[in-house]
Each structure stands twice: as structure tokens, then as C-alpha cells.
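Chemist: Sequence below, structure please.
(one chain, ligands or ions: 3)
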Amino acid sequence: MAAVNQVYIAIIGAGGVGKCFLSQLQALAARKPSPKLSLCYISTSRKALYNVDYSPVSIDGVTESLASSTQAPPPLSQVIDYLAAAPAKVVLVDNTSSQDVADAYPLALSRGLSIVTPNKKAFSGSYKLWQDIFTAAATSGAKVYHESSVGAGLPVISTLKDLVETGDKVTKIEGVFSGTMSFLFNSFAPTEGQGGKWSEEVKKAKSLGYTEPDPRDDLNGLDVARKLTILARLAGLPVESPTSFPTQSLIPKELESCSTGDEFLEKLPAFDQQMEDIKAAAEKAGKVVRFVGSIDVATQQVKVGLEQFDRSHPIASLKGSDNIISFYTERYGNNPLIIQGAGAGGDVTAMGVTGDLIKVLSQIA
Ligand SMILES: NC(=O)C1=CN([C@@H]2O[C@H](COP(=O)(O)OP(=O)(O)OC[C@H]3O[C@@H](n4cnc5c(N)ncnc54)[C@H](OP(=O)(O)O)[C@@H]3O)[C@@H](O)[C@H]2O)C=CC1
Ligand SMILES: N[C@@H](CC=O)C(=O)O
Ligand code: NA
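Modeler: Ligands and ions are numbered 1, 2, ... in the order given. Presented below is the predicted three-dimensional model:
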């Protein structure tokens with residue numbers, strides 16, 4: 001029988017963000033006085049580690065134990081049955097970008113499992129999925145937190161929720177919402193100097209862990225469209241899906257039929273000139289080009305794409321993978337509330353997930 005206040009942690013996904021989350025979880029579990037956490041399940045898409053009697057999986061060295069595990073992950077519905085029958089409360093941490101896992105949130109929440117995740121798919125899928133998730137949570141009392149689904153660990157979701165829940169009226173949200181796009185344009189079209197080759201910078205963004213598992217999901221604008229869908233919904237706009245508003249893709253037409261991300265990356269250098277032309281057009285106007293998004297709440301308009309900025313504009317002079325997100329509201333008037341900082345990367349994303357876990361623990365343990 002589990003101790004009173006014991007909480008079981010179940011983790012799906014152990015990639016770039018997942019591994020950083022595991023090291024933060026290890027530090028959290030070792031903290032004194034120690035929260036009564038125990039890891040009862042962890043899986044990737046091919047391997048799993050768990051014990052039918054819920055005896056803990058050691059967090060120390062878990063990446064190595066998982067890699068050498070011979071257990072395959074059971075179907076998701078069975079994982080949810082297993083977790084729902086645990087002799088203590090459970091927090092499910094989804095560190096994948098899987099739509100299948102996201103689609104299972106309503107079931108998991110209705111069975112009492114709380115969820116924390118950086119996965120955007122659940123909150124930016126169909127509006128029905130969004131409603132099902134929050135209805136299931138409200139009915140069962142289970143918690144769902146997804147801070148890192150926008151702006152990685154930056155306090156974007158929590159800030160927007162606070163604005164709305166305290167009665168402010170959000171009129172516009174705009175900025176740079178992609179760590180990958182920020183990094184790409186900051187290094188390919190810097191405010192000073194020459195900048196690198198587009199395709200080389202794309203490869204660097206992937207190796208730095210900024211891109212989605214398939215970098216085409218960043219370059220086609222969908223990752224930003226997903227983030228704006230989430231923010232628009234939280235601001236009160238019932239956006240149907242991330243494809244229901246205009247989004248500019250930076251995938252060359254000729255590469256739209258590539259069957260894998262690797263094939264796309266291999267062929268991309270042949271199309272570097274397309275991006276050079278876009279950069280040159282901005283330079284001719286004395287500006288730089290950046291990939292931005294905006295939500296106009298009053299007109300219900302959401303858009304995502306390239307825009308030109310003066311070199312002195314705060315969006316033009318971002319560094320690294322930084323995001324900048326401005327909230328215009330009635331209370332803040334003409335001077336928006338601005339959040340800025342790294343918007344991608346394993347450690348900063350995992351920070352948002354661990355922070356969410358700590359919030360959930362304070363409510364359920
Ligand atoms: N990287 C970043 O800077 C940020 C990432 N995020 C989000 O964090 C999430 C994780 O990103 P990241 O760590 O970079 O991605 P990775 O591709 O590095 O890792 C994904 C992990 O999920 C596992 N996985 C995928 N599908 C399934 C499935 N159906 N069942 C079980 N496991 C599965 C993969 O296992 P396997 O290897 O076996 O396929 C892998 O362990 C994504 O949703 C991403 O959008 C959010 C903000 C910033
Ligand atoms: N690929 C995303 C990761 C964070 O959401 C990005 O580059 O912003
Ligand atoms: Na965030």
C-alpha cells in the first residue's frame with residue numbers, strides 16, 4: 001500500500017526534452033524534505049519500464065535502464081488502465097509530440113490522472129478535443145498543465161491565464177513564437193554582418209534541439225500556428241484548428257513531397273537562394289526579415305508569417321532562440337506586458353514541465 005500523499009509519476013517520451021526533465025525530476029525527488037514521488041512507468045515509442053505491482057522504477061540511471069529494457073510499451077488504453085488502478089494519485093508527463101497520446105488525454109483525465117506536458121497537439125488539435133480535455137478535468141478533478149506548449153519554459157500560458165482570470169481584457173497578442181525561427185533568422189539575417197547559409201542554420205537548429213522532431217513542422221509555420229491556436233483559445237477565441245487561419249510556409253514547393261525530414265534536410269541546400277532573395281528584398285528596404293505571429297482578439301484575426309522590421313526594432317534584435325511575446329490588454333493600455341527569453345531547448349522546456357509538475361503536486365499530494 002502506498003504512503004499517504006505518495007504520488008506516482010508516469011512518463012511517456014524520453015527524447016531531448018524528456019531527458020532534461022528526468023534530470024530535473026531526479027533533483028526534485030532528492031530535495032529535502034523530499035516530495036513523496038515515485039516513478040511507476042516510463043516509455044519511448046519502442047521501450048517501456050514498469051512493474052505490475054507499482055514498485056518504483058529507479059530514477060537514477062533510468063535513461064540507460066530504459067534503453068536496455070526488453071519490455072515493449074502496452075497500448076495506451078492499457079497504460080491508462082494500469083495507471084488508473086495505481087494505489088495513489090498519478091501525474092502523467094507526456095514528453096512526446098504524439099497526436100495519439102494527446103488524443104488520449106480526455107480518457108486519462110476522466111480516469112483521474114493529472115497531466116503535465118510540453119506537447120502542443122492536444123491543445124491545438126480540434127476545438128472538440130480542447131473542450132473534451134477541460135470538461136474531463138473539471139469533472140474528475142484531475143489537473144492539466146501545459147506551460148511549455150508555448151514559449152518553452154517562459155511563463156506565457158500562466159500569464160495569459162492570470163490576465164483572463166483576473167478580469168483583464170486581452171485585445172492583441174503578437175511576437176516571435178518559435179525558438180527555431182528566431183534562431184534561424186537571427187543567424188541567417190542578423191542586424192549586423194553577413195549571416196550563415198539558410199540550410200546550414202536549419203541543420204544547426206535541429207542539432208541544438210530547437211526544432212520539432214521533424215523540422216518541417218517548424219518551417220511550414222504549423223508549430224507557430226499551433227501556439228497561436230492555444231493562446232487564442234485561452235484569450236476566448238474558439239479557433240477551430242491551427243489550419244483555420246493564414247500561415248506562411250517556408251518549405252520550398254519542390255520539397256513539399258519529401259517523404260522524410262532527413263530527405264528534406266539533404267535536399268534543402270539546393271533551395272538556399274529562395275531565402276537569400278527574401279533576405280535581399282528586406283535589406284533593400286533597409287530592414288531585416290523575421291517570422292512572427294499575431295492574434296487580434298477584436299477582429300478575431302490570427303496570422304503567421306514573414307514580416308520586415310527596422311534593425312532597431314526589439315523583434316529584429318533578438319538573440320539565439322529567444323521568443324518575444326507582447327500582450328496588449330485593457331489594463332496595460334498602450335504599453336504591452338512583454339515576455340522575452342529562450343523559447344526552445346531541452347533544459348528550458350523541461351523547466352516549464354517540472355514547474356507544472358510542482359504546481360500539480362501542491363494541489364493533489
Ligand atoms: N525541443 C524544444 O525546444 C521544445 C519542445 N517542445 C515539445 O516537447 C515535446 C518533446 O520534444 P523533443 O524532446 O524535442 O522531441 P524528441 O523527438 O527528442 O523526443 C520525443 C520522445 O517521445 C517519444 N515518443 C514519440 N511518440 C511516442 C509515442 N506514441 N509513445 C511513446 N513515446 C513516444 C520518442 O520515442 P522514440 O525515440 O522511440 O520515437 C522520444 O523519446 C514535443 O511535443 C515538442 O513540441 C515544446 C517546447 C520546446
Ligand atoms: N520547435 C519549437 C519548440 C518549442 O516549442 C520551437 O522552435 O519553438
Ligand atoms: Na511557456
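Chemist: switch to C-alpha atoms for all contacts and neighbour counts from now on
Modeler: Noted.
Chemist: which ones are touching residue 357?
Modeler: Residue 357 sits next to 91, 116 when contact means C-alpha atoms under 8 Å, 6 or more residues apart in numbering.
Chemist: Could you pull out the buried residues of the helix or strand hosting it?
Modeler: According to DSSP states H and E, residue 357 maps onto helix 346-364. Residues of helix 346-364 classed as buried by neighbour count (16 or more other C-alpha atoms under 10 Å): 346-357, 360-361, 364.
Chemist: near ligand 3, anything from that helix?
Modeler: No: interface with ligand 3: helix 346-364 contributes nothing (C-alpha under 5 Å from the ion), its closest point being 6.3 Å away.
Chemist: would you put the C-alpha positions of that helix in CSV?
Modeler: Taking Å, rounded to 0.1, in the frame of the first residue of the first chain, the C-alpha atoms of helix 346-364 are listed here in CSV:
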residue,chain,number,x,y,z
GLY,A,346,15.8,20.9,-23.7
ASP,A,347,16.6,22.4,-20.3
VAL,A,348,14.3,25.5,-20.6
THR,A,349,11.4,23.4,-21.9
ALA,A,350,11.8,20.8,-19.2
MET,A,351,11.8,23.6,-16.6
GLY,A,352,8.3,24.5,-17.7
VAL,A,353,7.3,20.8,-17.4
THR,A,354,8.9,20.4,-14.0
GLY,A,355,7.4,23.7,-12.8
ASP,A,356,3.9,22.4,-13.8
LEU,A,357,4.6,19.1,-12.0
ILE,A,358,5.4,21.1,-8.8
LYS,A,359,2.2,23.0,-9.2
VAL,A,360,0.2,19.8,-9.6
LEU,A,361,1.9,18.2,-6.7
SER,A,362,1.0,21.1,-4.5
GLN,A,363,-2.7,20.6,-5.4
ILE,A,364,-3.0,16.8,-5.3
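Chemist: Report whether that helix contacts ligand 1.
Modeler: Yes: contact of helix 346-364 with ligand 1 (C-alpha under 6 Å from any ligand atom) involves 346, 349.
Chemist: Run the chain-centre distance for that helix.
Modeler: 13 Å (C-alpha atoms, centre = their mean, to the nearest Å).
Chemist: What of stretch 122-129?
Modeler: On C-alpha atoms, centre = their mean, the centre of stretch 122-129 falls 14 Å from the chain's centre.
Chemist: List the buried residues of that stretch.
Modeler: For stretch 122-129, by 16+ other C-alpha under 10 Å, it's 122-125, 127, 129.
Chemist: Could you export that stretch as CSV, keeping only the C-alpha atoms?
Modeler: C-alpha atoms of stretch 122-129 as CSV (Å, rounded to 0.1, in the frame of the first residue of the first chain):
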residue,chain,number,x,y,z
ALA,A,122,-3.8,18.2,-27.6
PHE,A,123,-4.4,22.0,-27.1
SER,A,124,-4.1,22.9,-30.7
GLY,A,125,-6.0,20.0,-32.3
SER,A,126,-9.7,20.2,-32.9
TYR,A,127,-11.7,22.5,-30.7
LYS,A,128,-13.7,19.4,-29.6
LEU,A,129,-10.6,17.8,-28.2
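Chemist: Could you list the residues in contact with that stretch?
Modeler: Residues from elsewhere that reach stretch 122-129 (C-alpha under 8 Å, 6+ apart): 99, 102-103, 105-106, 130, 226-227, 229-230, 238-242.
Chemist: now swap in stretch 219-239 and tell me
Modeler: 120-121, 123-124, 127, 149-150, 157, 160-161, 164, 170, 177-178, 181, 217-218, 241-243, 247-251, 293-295, 297, 300, 302-305.
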